[in-house]
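> Sequence first, then the predicted structure:
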Amino acid sequence: PAATLTANVGLVSGTSYGAQLKGLVTRTPSRFVADEGNEQVASFLNTELQKLGFEVREQPVHVYSTATWFLPGIPKRGNVIGFLKGTELSHEVVVFGAHYDSVNWQSVSSGLAPGADDNGSGVAALLEIAKVLAKAHQEGQLRRSVLLVAFQAEEVGLVGSKAFAG
């Protein structure tokens, strides 16, 4: 099984990772929690994980903090969670995560916030990891269950990760 997983890592390359990152960052000018682009990316992540065979659910998150005074709206989407059930060790779960929201603190309500580094790079890596794990799952080589979590609202107080952990 480890050899198969190692071989599947070959699905990831600088080119495929770069394409994931570029696709994510150019999809919308901002992924801020109250922007339409945030919803678009949540839908995209949901679709991509489903295509790879993940069971996908969305965990609601509620943005409530002293930071909410500057939000022009509230997020309509939550944490996007993909699950693959393992084989003989399915009761053990490995979690991978990254946040999909972004922010431009200079101009929260109207500024561009493509978030290439924070955290488009992490979400692109999450999608590349998803490809590797999905192939291992299809081949019956995924011993442990896996959760991939794209967290919402990290930029306004780690809201999504707190909801997930809570």
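Yep, that arrived. Numbers count the residues shown, from 1 in each chain.

> top strand in this protein by residue count?
Identified as the longest strand of the chain according to DSSP state E is strand 89-99.

> right, and the helix or strand after it?
Per DSSP states H and E, the first helix or strand lying C-terminal to strand 89-99 is helix 121-138.

> Just the residues contacting that next one, thanks.
The contact list for helix 121-138 (Cβ atoms under 8 Å, 6 or more residues apart in numbering) reads 1, 4-5, 8-9, 11-12, 16-17, 20-21, 24, 41, 45, 48-49, 52-54, 82, 84, 96-100, 142, 146, 148, 150. No exception for glycine: its C-beta is placed from N, CA and C like everyone else's.

> Go ahead and flag the most central residue of this structure.
For the chain, the residue whose C-alpha lies nearest the mean C-alpha position (Cα atoms, centre = their mean) is Ala150; its distance is 2.6 Å.

> so what's it closest to, chain neighbours aside?
Leaving out its chain neighbours, the residue that sits closest to Ala150 by Cβ to Cβ, 6 or more residues apart in numbering is Val80, at 4.2 Å.

> Wait, that neighbour touches Phe164, no?
No. Taking Cβ atoms under 8 Å as the definition, Val80 is not a contact partner of Phe164, at 10.9 Å.

> number of nearby residues for the closest residue to Asn104 other than its chain neighbours?
Nearest non-adjacent residue to Asn104, counting by Cβ to Cβ, 6+ apart: Gly111, 3.3 Å away. A count of nearby residues for Gly111, using other Cβ atoms under 10 Å, gives 13.

> before we move on, what about the one 10 residues further on?
As a burial measure, the neighbour count of Ser121 was computed by other Cβ under 10 Å and equals 17.

> Repeat that for Ser90.
14.

> got it, and the one 5 residues further on?
Using other Cβ under 10 Å, Val95 has 11 other residues around it.

> Double-check that Gly82 belongs to a strand.
Yes. Counting by DSSP: H, G, I helix; E, B strand; the rest coil, Gly82 falls inside a strand.

> Am I right that it is in contact with Lys51?
No. Assessed by Cβ under 8 Å, Gly82 is found out of contact with Lys51, at 10.6 Å.

> Mind checking which of those two has more residues around it?
A count of neighbours by other Cβ under 10 Å puts Gly82 above the other of Gly82 and Lys51, at 26 against 11.

> Identify the residue nearest that one in space, chain neighbours excluded?
Phe54 (3.4 Å).
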